[in-house]
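Student: coords please:
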Amino acid sequence: MYRFILVEDDFHIRNGLGRFFPWNTLGFHLVESFENGKKALDFLRVNKVDVVLTDIRMPIMGGLTLARELKKISPETQVIFLTAYRSFDYAKEALDCGVRNYIVKSTKYDDLLTIFTEIRKDLDGKKAFSEKKNESPPEPTVDNRIIRKILSSIDADLPHASLQHLADSVQMNPVYLSRLFKEKTGINFSDYLLKKKMETAALLLKETDYSIYEISEMTGYSNDKNFSRAFKKFYGIPPANYRHIPPEGT
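Tutor: Numbering: from 1, shown residues only. Got it, this is the predicted structure:
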């Protein structure tokens, strides 16, 4: 069961999500809920959780500040924004803080189930990698450090992330690195990188006014046609159409 906290200043939303959503069925345990980021941060300084579901705009301390501070003390904790606001500034800051998920407050019940099911799968993958790492003999520990460096490098510089570039950064043959990545994470390097690029692109399409050409560059594509082709294959819809899908509940 993965531990998470809810940070939301609206009592009715906080109470409704906390009491009536089937978190346990999805594999999550709501440890505590808070009305502002300051109280949540005080709790997180001494308590470990896997996920923080937080509003952006709150009194005393908002979600963006909470995410920045949490990144310093617990960078592995996933932060999910629950918000009614869609703006370029929020999306840009969210990306800078390592936040990869937005949940709009009008999101339907089934969509929320889908989102947290995906989050659980991601956490399951990281847990499996961690368990495999702990079971490894001393020599493969070097390999584990390499994979952690590769994962961090992808997050830090997604536009320039490629198998060859990352292999060069760790002075390793790209074919061997690809094999090692699959062995340690359970997913092909190319599939992992594509998923990261597409999730980031989807967030930028929905939350910013960047052009499709700019987003293609920000996710490492040499031209917007290649990007659009990859996006459509991944999501089943061209990026221009995806951008104009109205938010749920509107």
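
Student: residues near I237, how many?
Tutor: Neighbours of I237 under the rule other C-beta atoms under 10 Å: 12. (Each C-beta comes from the backbone N, C-alpha and C, glycine too.)

Student: and it, how far is that from R3?
Tutor: 35 Å (C-beta to C-beta, to the nearest Å).

Student: again with V52
Tutor: Going from V52 to R3 by C-beta to C-beta gives 10 Å.

Student: more crowded one of these two?
Tutor: Remark: of V52 and R3, V52 carries more neighbours, 26 against 15, as counted by other C-beta under 10 Å.

Student: remind me which helix or strand that one belongs to.
Tutor: Secondary structure from DSSP states H and E places V52 in strand 51-55.

Student: cool, I215 as well?
Tutor: Here I215 is assigned to helix 212-218, by DSSP H and E.

Student: what does the helix or strand following that helix contact?
Tutor: Going down the chain from helix 212-218, the next helix or strand is helix 224-235, by DSSP H and E. Contact partners of helix 224-235, identified using C-beta atoms under 8 Å, 6 or more residues apart in numbering, comprise 194-195, 197-198, 201-202, 212-213, 215-216, 219, 221, 237-240, 242.

Student: returning to that earlier point: tell me how far the helix or strand following the strand holding V52 lies from the chain's centre.
Tutor: Sequence-wise, the next helix or strand downstream of strand 51-55 (DSSP H and E) is helix 63-73. Taking C-alpha atoms, centre = their mean, to the nearest Å, the mean C-alpha location of helix 63-73 is offset from the chain mean by 14 Å.

Student: now helix 63-73: average pLDDT?
Tutor: If you average the pLDDT over helix 63-73, you get 88.

Student: got the CA positions of it in PDB?
Tutor: Below are the C-alpha coordinates for helix 63-73, written out as PDB (Å, rounded to 0.1, in the frame of the first residue of the first chain):
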ATOM      1  CA  GLY A  63       1.500  23.800  -3.900                       C
ATOM      2  CA  LEU A  64       4.300  25.200  -6.000                       C
ATOM      3  CA  THR A  65       6.300  26.300  -3.000                       C
ATOM      4  CA  LEU A  66       5.500  22.900  -1.300                       C
ATOM      5  CA  ALA A  67       6.800  21.100  -4.400                       C
ATOM      6  CA  ARG A  68      10.000  23.100  -4.500                       C
ATOM      7  CA  GLU A  69      10.700  22.500  -0.900                       C
ATOM      8  CA  LEU A  70       9.800  18.800  -1.000                       C
ATOM      9  CA  LYS A  71      12.200  18.300  -4.000                       C
ATOM     10  CA  LYS A  72      15.000  19.400  -1.700                       C
ATOM     11  CA  ILE A  73      14.200  16.900   1.100                       C
END
